[in-house]
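Chemist: okay, predicted coordinates and the sequence, questions at the end:
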Number of protein chains: 2
Amino acid sequence: MTDELSEKTFAAVCAMADDAACAQRTLARSSTDLKNGLLLDVADALEDHAADIEAANALDMSDAADSAMSVGLLDRLRFDADRIASTAEGVRHVASLPDPVGTMVRGCNLPNGMRLNQVRVPIGVVGMIYEARPNVTVDVAALCLKSGNAVLLRGGHAARRTNEATLGVIARTLADHGFDSSLVASVDAFGREGATALMQARGHVDLLVPRGGAGLIRAVVENAKVPVIETGAGNCHIYVDARGDLTKALPIVINAKTQRVGVCNAAEKLLVHRDVAEEFLPVVANELSRHGVTIHADEASLAIITAVGIDDLRIVPAEAADWDTEYLDYEIGIRVVDDLDSAIDHINAHSTGHTEAIVSEDYSAIEEFTQRIDSAVVMVNASTRFTDGGMFGLGAELGISTQKMHARGPMGLEELTTTKWIGYGTGQIRP
Amino acid sequence: MTDELSEKTFAAVCAMADDAACAQRTLARSSTDLKNGLLLDVADALEDHAADIEAANALDMSDAADSAMSVGLLDRLRFDADRIASTAEGVRHVASLPDPVGTMVRGCNLPNGMRLNQVRVPIGVVGMIYEARPNVTVDVAALCLKSGNAVLLRGGHAARRTNEATLGVIARTLADHGFDSSLVASVDAFGREGATALMQARGHVDLLVPRGGAGLIRAVVENAKVPVIETGAGNCHIYVDARGDLTKALPIVINAKTQRVGVCNAAEKLLVHRDVAEEFLPVVANELSRHGVTIHADEASLAIITAVGIDDLRIVPAEAADWDTEYLDYEIGIRVVDDLDSAIDHINAHSTGHTEAIVSEDYSAIEEFTQRIDSAVVMVNASTRFTDGGMFGLGAELGISTQKMHARGPMGLEELTTTKWIGYGTGQIRP
């Protein structure tokens, strides 16, 4: 990510961003009907050209398999007819969502007779650096176009032929609608230098969103001169309270940990109140073991779990580093806590600020937990896996922000806008 | 701003931020009544101790005069009983404003039966680096406390005794209300290293706001590892349209340029449509000259203005650099433009994105201008000087953001919050 950047590449990427900005000014003033018509045609075109995209994807998949890509990553790279159809359906869903552009955030008459409006407007040129998930290319293009933004994409190297085929379809549809195809452009031709150029292009790119592993995010945050929104680091906790309903707690923990382990909203840590530890830990450890999950246990939970006989139990003593680790795998850290305060303190000290859940029937404990936990999302008696733009009704998401500035949590259309104040006067001057 | 930073100072400032964060967690959960009571007592205490603060200020003023500080800066440094009273009144006004904490931004029931709320919460620890204006210390403290945030301040060296006296009064009032005085703390004791430490304290300070001259802002934006909101650069334009009412245009230009020249919302450029240039330019140039304003004129406006006899006219040909210059002085750039498009293109190319105004009676021209200008605030038939938190009804302002992320335009209480999603379930797991 921090490769040397040639002046030539930097100038070329800045020129692309400036072309995109120019085209974006037209898009920003386009009606919602026009943008929705464009998106519906993009969806149709993706399905019409699914065979071409699938063929390009087959070449990427074959190269990836040759280079010994893991099964999990290979699955993420796959973009077959079914996935293309479901991605196209996502584009149609974005078309069906309300347009944030032009909505009024605040409006009032000032004492001096002026009328003051604050309205939502597109951000401008968005840069996106992401890994080899071809559907992200389409999701991001759809969200950016609907919200009136241009986007420069840097996708993972492994998906380059898939992305090229997909972006070709989008470019032709843009042209058919009289839009400049620079609205959705890729800097993949510049290789890793393209990503570095996006990070440096202050004044040309308005916002940069990295989406992928912790290494990618850190590299972008540390090196970017362009404003960045951090996404996706998820050391998510579930706290089972003294008055937690254990029949709810068990499926929530198993769902949050095992439904998909490689995603940012999967649970990584389980904190259990000591009053229910003896009852709950053997049950949950047994079920986690059945799902092949290795437990990193603190002293108290280790003693309780190993005291009962559990088949195929995988358990190791937790080390200090475990509490800050996002496993993204069939592993979980478990700790017994003395009380609600300890649980909250532990979470606020070790969380990445993504999603934490409490399982409890105690009104006051829930109020304490939801108010004092300092994360983007707090779940009460529900799986951490619900933190998702689609689940929240935002349509496809650009990513899940774990920072506090501008956007926090799943980023949908509204998070892709900024605001503009407009004051309507009749000759007022300041006294 | 980029001095060497000793490990000792960095550790000390981080420890202050962590103490502030700890105290902030209590403030964040305090009721609006409690916070308002605190602010009203701060206002009273400032007035009760006005003599002490004024005495400290007299020493700062005397040192500043000895070091040949300009009359304008000396005036900004002055914090006498009248100004203390008006600052205290500002604190009372902040107390009277609605509390943004806890207000619901969005709320819905999800299809799976969960209840999903997005609510406003404080940001955490705010860092503020500003120049020698003692009222800013109080304004910022009041806004941060009301919005549930702690604040670390780095004020200008010239105001250090004034700020010390002011912060002493605030600290005692915090203690009287049972709050930790680390909620409003100064890093001035560390000198310039204190500012550098604030910029580096990622993970300890949540947001850094620089407020002051262009050099200060640039140094902070370029060096900070903490999220920054840029404020205050204002190369503001007024465009007088072909169908502008010249009887409105004249007082607007004179007010925006001359009412206060050292502020970010003062007009720095005047663009005049060629159809009204012959009529308007001699009139406005005459009035500007009467106010001692030097005109940097493009070729067309130079020809028109110098063709008539104006007493005490100060006029020079504009150079290319003028169009990007924020004079903050009795100077203005004037250009004749062929049409609305040229005016918009010129502004979007040269503006700092603060405030631009159009003077016109033409509905379509106004719609074009307000939609296509890419700045925080667009004024129609009103002075650029209205871009101000107080004028907008936001109470005292933290600064005027000229960036697009998080906050754009005057930053009041709401801009000092972020959001948190809370999902209330009954055992839901993700299918």
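Modeler: Received the coordinates, thanks.

Chemist: quick one, domains of chain A?
Modeler: According to automatic domain parsing, chain A comprises the domains A:7-231+A:404-424, A:236-386.

Chemist: kindly check the end-to-end length of the first one for me.
Modeler: Right, the one you point to is domain A:7-231+A:404-424. For domain A:7-231+A:404-424, the first-to-last residue distance is 45 Å (C-alpha to C-alpha, to the nearest Å).

Chemist: do that domain and chain B meet?
Modeler: Yes - interface with chain B: domain A:7-231+A:404-424 contributes A:25, A:28-29, A:108, A:110, A:114, A:116, A:118, A:123-124, A:206-207, A:227, A:229, A:404-406, A:408-409, A:418-424 (C-beta under 8 Å from any C-beta of the partner chain). For the C-beta atoms, the positions are set from N, CA and C on the backbone; glycine is no exception.

Chemist: just the buried residues of those.
Modeler: Buried members of the residues of domain A:7-231+A:404-424 next to chain B, scored by 16 or more other C-beta atoms under 10 Å in any protein chain shown, are A:25, A:28, A:110, A:114, A:116, A:118, A:123-124, A:206-207, A:227, A:229, A:404-406, A:408-409, A:418-424.

Chemist: circling back to that earlier point, export the domains of chain A to a markdown table and tack on distance to residue B:358 and mean pLDDT?
Modeler: Formatted as a markdown table, the domains of chain A follow (distance: least, C-beta to C-beta, whole Å; pLDDT from 0 to 100):
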| stretch | distance to residue B:358 | mean pLDDT |
| --- | --- | --- |
| domain A:7-231+A:404-424 | 10 | 95 |
| domain A:236-386 | 40 | 97 |
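
Chemist: mind putting the ones you listed in JSON lines, distance to residue B:316 included?
Modeler: As requested, the domains of chain A are exported to JSON lines (distance: least, C-beta to C-beta, whole Å):
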{"stretch": "domain A:7-231+A:404-424", "distance to residue B:316": "29"}
{"stretch": "domain A:236-386", "distance to residue B:316": "54"}
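
Chemist: can you say which of those domains is nearest to residue B:379?
Modeler: Closest of those to residue B:379 is domain A:7-231+A:404-424, at 4.7 Å (criterion: C-beta to C-beta).

Chemist: go through stretch A:161-173 and flag the buried ones.
Modeler: By 16+ other C-beta under 10 Å, the buried positions in stretch A:161-173 come out as A:161, A:162, A:163, A:164, A:165, A:166, A:167, A:168, A:169, A:170, A:171, A:173.

Chemist: ok, residues contacting it?
Modeler: Around stretch A:161-173, the neighbours that count as contacts under C-beta atoms under 8 Å, 6 or more residues apart in numbering or on different chains are A:38, A:41-42, A:45-46, A:49, A:52-53, A:55-57, A:59-60, A:77, A:79, A:134, A:137-138, A:141, A:153, A:155, A:181, A:184-186, A:188.

Chemist: swap in 7 Å and give it another go.
Modeler: With C-beta atoms under 7 Å, 6 or more residues apart in numbering or on different chains as the test, stretch A:161-173 has contacts from A:38, A:41-42, A:45-46, A:49, A:52-53, A:56-57, A:59-60, A:79, A:134, A:137-138, A:141, A:155, A:181, A:184, A:186, A:188.

Chemist: figure out how far the biggest helix by length in chain A is from the centre of its chain.
Modeler: The longest helix of chain A (DSSP state H) is helix A:7-28. Averaging C-alpha positions (C-alpha atoms, centre = their mean, to the nearest Å) puts helix A:7-28 25 Å from its chain's average.

Chemist: which of the residues of domain A:7-231+A:404-424 next to chain B fall in helices?
Modeler: Per DSSP H, helices hold the following members of the residues of domain A:7-231+A:404-424 next to chain B: A:25, A:28.

Chemist: show me the residues of domain A:7-231+A:404-424 next to chain B that map onto strands.
Modeler: A:108, A:116, A:118, A:207, A:409, A:418, A:419, A:420, A:421, A:422, A:423, A:424 (DSSP state E).

Chemist: okay, among those residues, which ones form the most distant pair?
Modeler: Spatial extent of those (C-beta to C-beta) is set by the pair A:409 and A:424 at 34.3 Å.

Chemist: for residue A:278, give its distance to residue A:334.
Modeler: To residue A:334, residue A:278 is 14 Å away according to C-beta to C-beta, to the nearest Å.

Chemist: who has more neighbours out of those two?
Modeler: With neighbours defined as other C-beta atoms under 10 Å in any protein chain shown, residue A:278 and residue A:334 compare such that residue A:334 has more, 26 against 13.

Chemist: CA atoms of the helix or strand containing the more buried one as CSV?
Modeler: Per DSSP states H and E: residue A:334 is located in strand A:331-337. Taking Å, rounded to 0.1, in the frame of the first residue of the first chain, the C-alpha atoms of strand A:331-337 are listed here in CSV:
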residue,chain,number,x,y,z
GLU,A,331,-12.1,-19.1,17.8
ILE,A,332,-13.6,-17.2,20.7
GLY,A,333,-12.4,-15.6,23.9
ILE,A,334,-14.4,-16.3,27.0
ARG,A,335,-14.2,-14.4,30.4
VAL,A,336,-16.2,-14.5,33.6
VAL,A,337,-17.0,-11.0,34.9
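
Chemist: what helix or strand is residue A:310 located in?
Modeler: Going by DSSP H and E, residue A:310 is not part of any helix or strand.

Chemist: outside of stretch A:214-232, which residues touch it?
Modeler: Outside stretch A:214-232, the residues that touch it by C-beta under 7 Å, 6+ apart are A:1-2, A:127, A:129, A:131, A:199-202, A:205, A:207-211, A:233, A:264, A:326, A:399-403, A:406-407, B:403, B:405.

Chemist: now for it, what's the gap between its first and last residues?
Modeler: End-to-end for stretch A:214-232, by C-alpha to C-alpha: 8 Å.

Chemist: could you list the buried residues of it?
Modeler: Going by neighbour count (16+ other C-beta under 10 Å), the buried part of stretch A:214-232 is A:216-217, A:219-221, A:224, A:226-232.

Chemist: and for stretch A:10-27?
Modeler: Result for stretch A:10-27 [16+ other C-beta under 10 Å]: buried residues A:10, A:12-14, A:16-21, A:23-25, A:27.

Chemist: before we move on, what about stretch A:386-398?
Modeler: Within stretch A:386-398, the residues that qualify as buried are A:386, A:387, A:388, A:389, A:391, A:392, A:394, A:395, A:396, A:397, A:398, counting by 16+ other C-beta under 10 Å.

Chemist: got a list of contacts for that stretch?
Modeler: Stretch A:386-398 is contacted from outside by A:90, A:93-94, A:97, A:139-140, A:142-143, A:209, A:265, A:354-355, A:377, A:379, A:400, A:409-413, A:416, B:108, B:110, B:114, B:116, B:423, B:428, B:430, using C-beta under 7 Å, 6+ apart.

Chemist: which of those fall within helices?
Modeler: Judged by DSSP H, the contacts of stretch A:386-398 include A:90, A:93, A:94, A:139, A:140, A:142, A:143 as members of helices.
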